[in-house]
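J.: my questions concern the predicted model and sequence given below.
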Amino acid sequence: MAQTAWPAWALAWYSFLCSMALLNLCLALFLLRCGKPSEDARPYWYRFSLRWLGAVYILVVAYRSVFPADYPHRYVFWDNMMSSILIHRACATVEELAWVLQIAIIQSFCAAQVRQGRACLPVVLATSICMVLIIVVAECFSFTGTITQAFCWFALEETCWAIAFAIGLPVYVHLLFATYRRSPECHCKKQRAEVGREATCGCFTGLHFAIALTIFCLGYVPYMAAVDVPSYWEAYDAQKLEGIEPNGFKQGQVLGATVSVFRVRGFWRAFTGLWWGFHAFVGFRFCSKVHTRELYMPG
């Protein structure tokens, strides 16, 4: 690649991505090596699944940071096979499913441990399963859109994401109130010697999770419905007006694997906010989910 293709801002942006990817990998390795085994068999599956789903998430994000790409428009930062659009779409699928599975596991485990509102547990479990299944459908739409380059499929994908978190919002509100009522009870069960940092038992971490997801859904769902989904439908209408025909499925697979466009400026406009924000919370989120002992609610 010609040196002139690297503006100063692109070098700074790419260096930041790679640095944060390395930091997240080091943090993930440290937490995986230093995590204490659970003393109770009940939360073992919970700890195990979150740790390794988080590890998969970190690895995929690191890969996509070194070889960034905007797969709806087929813009890449490196003009090589590692930036294949289909490879990126497959990586994004693994990453997004790992993230949603983490959320589903956490909310199901929290609901099982909260003693108040126990009758809602089957509803929470059913909601968690529905969220994962809806995101699986969303990934199928995204793969189809990536292959055909028809923006209607991306609109359907984003619609599925909005629906998934819309049905999850009542669960987070329920967990918010349930864990809030549970918090004083958990604190009172601690012995005097345990008061301090260790007194922050699972209900407090569960409360933080419920607050974070409630706030996220209240902003995310309206944004998707009002801004993101309509933008893809507008792009699809523009495709039809310009007479752009979607790729055939077989042709699209070949093009997605071999053809992309190196375009730094368009890529910067499309992805700068996403990736800077992406890495800002990845390390914190992984850290908060690996230490699952604090999320288990005794008693």
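T.: Received it, and whenever you're ready, just let me know what you need. Numbers count the residues shown, from 1 in each chain.
J.: just the helices in the protein please.
T.: With DSSP state H, the ranges of helices along the chain come out as 8-34, 44-66, 85-113, 121-148, 151-189, 202-223, 229-241, 249-258, 264-290.
J.: which residues of the chain score low on pLDDT?
T.: Along the chain, segments meeting pLDDT under 70 span 1-6, 35-42, 115-119, 182-204, 246-299.
J.: go again using 90 as the cut-off
T.: 1-92, 95, 106-124, 143-150, 174-210, 239-240, 242-299 (pLDDT under 90).
J.: buried residues in stretch 52-60?
T.: 53, 54, 55, 56, 57, 58, 59, 60 (16 or more other C-beta atoms under 10 Å). C-betas here are computed from N, CA, C, even on glycine.
J.: put the alpha carbons of it into CSV.
T.: Taking C-alpha atoms only, stretch 52-60 is exported to CSV below (Å, rounded to 0.1, in the frame of the first residue of the first chain):
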residue,chain,number,x,y,z
TRP,A,52,-15.0,-18.2,27.8
LEU,A,53,-17.7,-16.3,25.9
GLY,A,54,-15.8,-13.1,27.0
ALA,A,55,-12.5,-14.5,25.8
VAL,A,56,-14.0,-15.3,22.4
TYR,A,57,-15.4,-11.8,22.2
ILE,A,58,-12.1,-10.2,23.1
LEU,A,59,-10.2,-12.3,20.5
VAL,A,60,-12.7,-11.5,17.7
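J.: now residue 144: closest residue in space that isn't a chain neighbour?
T.: residue 153 (4.6 Å; C-beta to C-beta, 6 or more residues apart in numbering).
J.: which one of the helices of the chain lies nearest to residue 78?
T.: Of all the helices of the chain, helix 44-66 sits nearest to residue 78, with 8.3 Å by C-beta to C-beta.
J.: remind me what the closest one packs against, helices and strands.
T.: Packing partners of helix 44-66 (3 or more C-beta pairs under 8 Å, 6 or more residues apart in numbering; DSSP states H and E): helix 8-34, helix 85-113, helix 264-290.
J.: got the angle for the first one vs helix 44-66?
T.: Using axes from the mean of the first three to the mean of the last three C-alpha atoms, to 10 degrees, one finds that helix 8-34 and helix 44-66 are set 160 degrees apart in direction.
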